[in-house]
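> Provided below are the primary sequence and the corresponding predicted coordinates.
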Amino acid sequence: MQPAAAMTGRAISADLARWRRRSRRVLAARIVLPIAIGALLLVVISQVGWRTYMAATHPPTEAKTEIRLITPRFYGQSTDGRSFMITARSAIRDDADPRRILLDQPALTLDLGSPTPTRMTAKSGVYRQDNFGLALKDDVRLDDGTGYRFASEESFVDTRTGDVTGESTMNGEGPSGQVQSSAYSVYDKGDRIVFRGGVRARLERQ
């Protein structure tokens, strides 16, 4: 049997060892926990700051509402009292400028209701409701109702006056012959046509 004093000494030594280990763990926790809490707070603050910065410098964009018209019709009257009508396969009103209307396969009828109205068609166009201007583009065709037909790639029509202008190559034909030019203008209900640039014509004897 071991003496009681020796057993008591060993127990005290074991208790001291356990106390030292616990003390080291407590000390480590006192050091590590504040560092971890500080790092966590830094991450949270960084995320909040980044989100605030992004919200201030990149405001959310509003979704644009597209107004599409199917087979629209626009009616009007020129300054001399002649009526006109613009139709299209479809149209989209410009969200940034509601007075600007984009047309798909537009068709224009000038002098509506007369025996010989002027008709124009194109693959695309833009109609402005503020100045009544119609810009036609791609495969523009004009028929004056009296047998004369013209083709070009772009035309601008002032529906208030009925005048038509184009700054692209134009090819025309009719009872009087054929003509080609680099630009053209049509005035006075089609009674006066001005061809400009590289004009070539072949007239037929009547």
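It's in.
> Where does pLDDT dip in this protein?
Scanning the chain for pLDDT under 70 picks out 1-17, 19, 26, 28-29, 32, 58-65, 205-206.
> the domain parsing of it - what is it?
Listed by the TED database, the domain ranges of the chain are 13-60, 68-203.
> right, so those: which one is the most enclosed?
Greatest average neighbour count among those goes to domain 68-203 (a mean of 16), per mean count of other C-beta atoms under 10 Å. Glycine gets a C-beta too; all of them are placed from N, C-alpha and C.
> roughly how far out does that domain sit from the chain middle?
Domain 68-203 sits 25 Å away from the centroid of its parent chain (C-alpha atoms, centre = their mean, to the nearest Å).
> Make 14 the first number, not 1, from now on.
From this message on, residue numbering opens at 14, which makes the last subject domain 81-216.
> Endpoint to endpoint, it covers what distance?
Start-to-end span of domain 81-216 (C-alpha to C-alpha, to the nearest Å) is 46 Å.
> what's the answer for stretch 151-169, then?
Using C-alpha to C-alpha, one end of stretch 151-169 lies 12 Å from the other.
> for stretch 113-132, same thing?
End-to-end distance of stretch 113-132 (C-alpha to C-alpha): 22 Å.
> what comes into contact with that stretch?
Stretch 113-132 is contacted by residues 82, 85, 87, 91, 95-107, 133-142, 147, 149, 155-159, 170, 172, 175, 202-203 when judged by C-beta atoms under 8 Å, 6 or more residues apart in numbering.
> cutoff 6 Å now
95-107, 133-135, 138-141, 156-159, 175 (C-beta atoms under 6 Å, 6 or more residues apart in numbering).
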